[in-house]
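> Pasting the sequence and the predicted model now:
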Amino acid sequence: MTAHDPDPTGAASSPYAGLITFARRQATRDLAEADIAVVGIPFDGGTTHRPGARFGPRAIREQSLFVGQYPWGHWPWCEATDERPAVNLWETARIVDWGDVPMTVFWPGYPDRMVAEVRRTVAEILATDTMVLALGGDHMVSYPVLAATAERHGPLSLVHFDAHCDTWDMGDDLNHGTMFRLAVRDGFVDPSRSIQVGMRTPNPDGVGFTVVDADTLLDRPLRDTIDQIRATVGDHPVYVSVDIDFLDPASAPGTGTPVVGGPTARQARQLLYGLAGLRVVGADHVEVAPHLDGPGDPTAITAATLALDLAHLLALAPRS
């Protein structure tokens, strides 16, 4: 079996049976044949409200068995349009499920250990010329993934979908509300080429990101925001970070800091679909807290769908 093959358990066509890996991809840490490694970071020690995102990677993987079950690809990417050909993700990129960064290394109460271990792990994966799609965990986990990615590609353009700016100034304190200010301070992110979309909470000045708040996003055609994102980042290496609370809690209730007035799941997908072809070198999806989800696991299903959309952005990115 190669890294391109799904898990041949005999139950692969049944999303309620068989091994739980991301979209039934092979579970392996052998990256010789891999293009994209899905890495779970089950950490929520940086939360400032309701914890539980440590269970996010498992919930996303579980629902990805349903969302990613079709052998011909992921809709709408697998449908040809006048603007682009059909894409079958499974034939376009070799995706593996690397597993989770071991919790025994850092434990929830030791955020400094998490940062060091995740940064080391991601750097080792990137050194094999394999891109990383990280599943959080709270949004603080973006910081070490950004650090390792910037170490390989230089300062990054950040495309950040969220209800919160995550640029609060708390000195050297690192949590899920400060990490992007610190990422700019430490040279991992170039703010002049970065953009935040969906903000609908107080946004402190002084970082330098382009900001598209939720009202601006929703009061104009989505195409305007897509064009603004593309113009902001240009051909610079891009890191895409999606916080599930970017969506209105009517679409995604299972998160620690929900904020009303956000976009729908369809609008979030349209935005990601519109970014195909950017030079995306890394991505994450964070803040899914399944114990807060509603009946039928709508947040986890949505997150698994958006994570597959992020995998397309990685797979379709021009490689230098």
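Structure's in. What do you need?
> check contacts around residue 235.
With contact set as C-beta atoms under 8 Å, 6 or more residues apart in numbering, residue 235 has these partners: residue 279. The C-beta positions use only the backbone N, C-alpha and C, and glycine is treated the same way.
> separation between it and residue 318?
Shown here: residue 235 relative to residue 318, a distance of 8 Å by C-beta to C-beta, to the nearest Å.
> quick one: common contacting residues for the two?
Contacts common to residue 235 and residue 318, judged by C-beta under 8 Å, 6+ apart, are residue 279.
> which residues in the stretch 1-150 of the chain form strands?
With DSSP state E, counting those that start in this stretch as the criterion, the stretch 1-150 of the chain has strands at 26-27, 36-41, 95-100, 131-136.
> Ok, the stretch 151-300 of the chain next?
Counting by DSSP E, counting those that start in this stretch, one finds strands in the stretch 151-300 of the chain at the ranges 157-161, 195-199, 210-213, 238-243, 280-286.
> And these: which comes nearest residue 112?
Comparing the strands of the stretch 151-300 of the chain against residue 112 with C-beta to C-beta, the closest turns out to be strand 280-286 (19.0 Å).
> how far is the closest one from where the chain is centred?
The gap between where strand 280-286 is centred and where its chain is centred comes out at 4 Å by C-alpha atoms, centre = their mean, to the nearest Å.
> One more: stretch 266-286?
The offset between the C-alpha centroid of stretch 266-286 and the centroid of the whole chain comes to 9 Å, using C-alpha atoms, centre = their mean.
> now swap in stretch 116-130 and tell me
Centroid separation between stretch 116-130 and its chain, computed with C-alpha atoms, centre = their mean, is 16 Å.
> With stretch 225-236 instead?
18 Å.
> cool, stretch 249-268 as well?
Mean-position distance between stretch 249-268 and its chain equals 15 Å (C-alpha atoms, centre = their mean).
> Ok, stretch 208-220 next?
For stretch 208-220, the separation from the chain centroid amounts to 20 Å (computed by C-alpha atoms, centre = their mean).
> what pLDDT does residue 243 get?
Per-residue confidence for residue 243 comes out at a pLDDT of 98.
> how close does it get to residue 187?
As defined by C-beta to C-beta, residue 243 lies at a distance of 23 Å from residue 187.
> Same check on residue 101?
Taking C-beta to C-beta as the criterion, residue 101 is separated from residue 187 by 23 Å.
> Neighbour count for the two, which is higher?
residue 101 (23 against 13; other C-beta atoms under 10 Å).
> per-residue confidence at that one?
What the model reports as pLDDT for residue 101 is 94.
> Is it in contact with residue 118, as I believe?
Yes: Residue 101 is in contact with residue 118 according to C-beta atoms under 8 Å; the separation is 5.4 Å.
> Mutual contacts of these two, please.
Taking C-beta under 8 Å, 6+ apart as the contact criterion, the residues that touch both residue 101 and residue 118 are residue 41.
> if I pick residue 143, what's in contact with it?
With C-beta under 8 Å, 6+ apart as the criterion, the residues that contact residue 143 are 115, 174, 179, 182, 183, 188.
> scratch that, residue 111
By C-beta under 8 Å, 6+ apart, the contact list for residue 111 reads 43, 45, 46, 140, 174, 175.
> thinking the first one is in contact with residue 56, fair?
No: taking C-beta under 8 Å as the contact criterion, residue 43 and residue 56 are not neighbours in contact, 9.6 Å apart.
> which neighbours do those two share?
Among the neighbours of residue 43, those also in contact with residue 56 (C-beta under 8 Å, 6+ apart) are 136, 137.
> Tell me how many other residues crowd residue 128.
As a burial measure, the neighbour count of residue 128 was computed by other C-beta under 10 Å and equals 11.
> related to what we said a few turns ago, export the strands of the stretch 1-150 of the chain to a markdown table and tack on mean neighbour count?
Rendered in a markdown table, the data for the strands of the stretch 1-150 of the chain read as follows (neighbours: other C-beta atoms under 10 Å):
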| stretch | mean neighbour count |
| --- | --- |
| strand 26-27 | 18 |
| strand 36-41 | 26 |
| strand 95-100 | 24 |
| strand 131-136 | 27 |
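> Is it possible to get JSON lines of those strands that adds distance to residue 225?
Conversion of the strands of the stretch 1-150 of the chain to JSON lines gives the following (distance: least, C-beta to C-beta, whole Å):
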{"stretch": "strand 26-27", "distance to residue 225": "36"}
{"stretch": "strand 36-41", "distance to residue 225": "26"}
{"stretch": "strand 95-100", "distance to residue 225": "28"}
{"stretch": "strand 131-136", "distance to residue 225": "23"}
